[in-house]
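**Student:** what shape does this take:
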Amino acid sequence: MHLLSRIRGDAYTGEEIQYSNADRDSVKLQHNRIYRHQVIRINYTTYDMRRCQDTVNAGRPDHANVMVLAHDDDPNDSHPYWYARILGIFHAHVSYRGSSPPQKMEFLFVRWFGCDLSYRAGWKARRLHRIGFLTDDVADAYGFLDPNDIVRATHLIPAFTQDDNGIVNLPVGLSSAHSFHDWVYFYVNL
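**Tutor:** Coordinates of the predicted model:
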């Protein structure tokens with residue numbers, strides 16, 4: 001559905017759009033292939049208007065975290081970014097309704113973080129924002145992302161000293177480091 005919404009040009013609002021079976025059947029992958037990659041490079045502009053590039057490696061959890069602009073309409077949530085850990089980097093040659101020539105589309109499989117709203121953070125509190133993985137019972141804990149939506153890579157610091165922190169088990173095959181655990185909270189350190 002991610003590729004279908006992109007190929008049709010439907011705007012991303014943070015929610016997956018529901019499509020009919022006929023719409024989903026209209027997307028064809030050339031040779032029924034999806035190609036996997038280990039590394040993606042993200043171009044961005046620095047605060048002093050210089051061009052720079054981040055390298056994100058899906059095989060290394062300390063180099064696989066990214067930020068995108070938030071699509072929240074909630075006035076209580078003033079944090080401008082969403083954060084995700086890249087679990088897979090892919091591309092495919094996709095055509096729509098069989099009439100268009102296949103076009104190369106890159107996409108990422110991610111696990112989303114959520115901001116800890118109970119934790120005071122920001123400039124006034126003089127503390128870094130704290131985030132943690134969305135739990136598996138949240139419908140949108142995992143998803144797909146267009147690499148063009150990424151603002152830049154981000155560095156996350158595990159919250160080692162938190163009393164309520166610990167290690168959380170991740171599903172086999174979906175863990176961030178090909179191990180089966182990760183920290184509950186992280187601090188966002190750009």
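
**Student:** what about residue 37, neighbour count?
**Tutor:** Residue 37 has 12 neighbours, counted by other CB atoms under 10 Å. Just so you know, the C-beta spots here come from the backbone N, C-alpha and C atoms, and that holds for glycine as well.

**Student:** just give the nearest non-adjacent residue to it, would you?
**Tutor:** residue 89 (4.3 Å; CB to CB, 6 or more residues apart in numbering).

**Student:** quick one: strands adjacent to the helix or strand hosting that neighbour?
**Tutor:** Assigned by DSSP states H and E, residue 89 falls within strand 81-96. Strand 81-96 pairs in its sheet with strand 27-29 (antiparallel), strand 35-37 (antiparallel), strand 65-69 (antiparallel), strand 103-115 (antiparallel), by DSSP bridges.

**Student:** residue boundaries of the strands in this structure?
**Tutor:** Counting by DSSP state E, the chain has strands at residues 27-29, 35-37, 39-45, 51-57, 65-69, 81-96, 103-115, 130-133, 142-145, 150-153, 155-158, 167-169, 181-183, 185-189.

**Student:** hang on, the earlier thing: can you state the direction angle for the strand holding residue 89 and strand 51-57?
**Tutor:** 80 degrees (axes from the mean of the first three to the mean of the last three CA atoms, to 10 degrees).

**Student:** quick check: which ranges of this protein have low pLDDT?
**Tutor:** 12-15, 72-78, 98-99, 161-181 (pLDDT under 70).

**Student:** residue nearest the centroid of it?
**Tutor:** The chain has residue 84 as the residue nearest its centroid, 3.7 Å off, counting by CA atoms, centre = their mean.

**Student:** next, the distance between the ends of stretch 71-81.
**Tutor:** Distance across stretch 71-81, first residue to last, is 8 Å (CA to CA, to the nearest Å).

**Student:** my error: substitute stretch 182-190 in the last question.
**Tutor:** 20 Å.

**Student:** how about the biggest helix by length in the chain as CSV, C-alpha atoms only?
**Tutor:** Longest helix in the chain, counting residues (DSSP state H): helix 2-8. What follows is helix 2-8, C-alpha atoms only, in CSV (Å, rounded to 0.1, in the frame of the first residue of the first chain):
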residue,chain,number,x,y,z
HIS,A,2,3.0,2.3,0.6
LEU,A,3,4.1,2.0,-3.0
LEU,A,4,0.6,2.4,-4.3
SER,A,5,0.1,5.7,-2.4
ARG,A,6,3.4,7.0,-3.7
ILE,A,7,2.8,6.0,-7.3
ARG,A,8,-0.6,7.6,-7.3
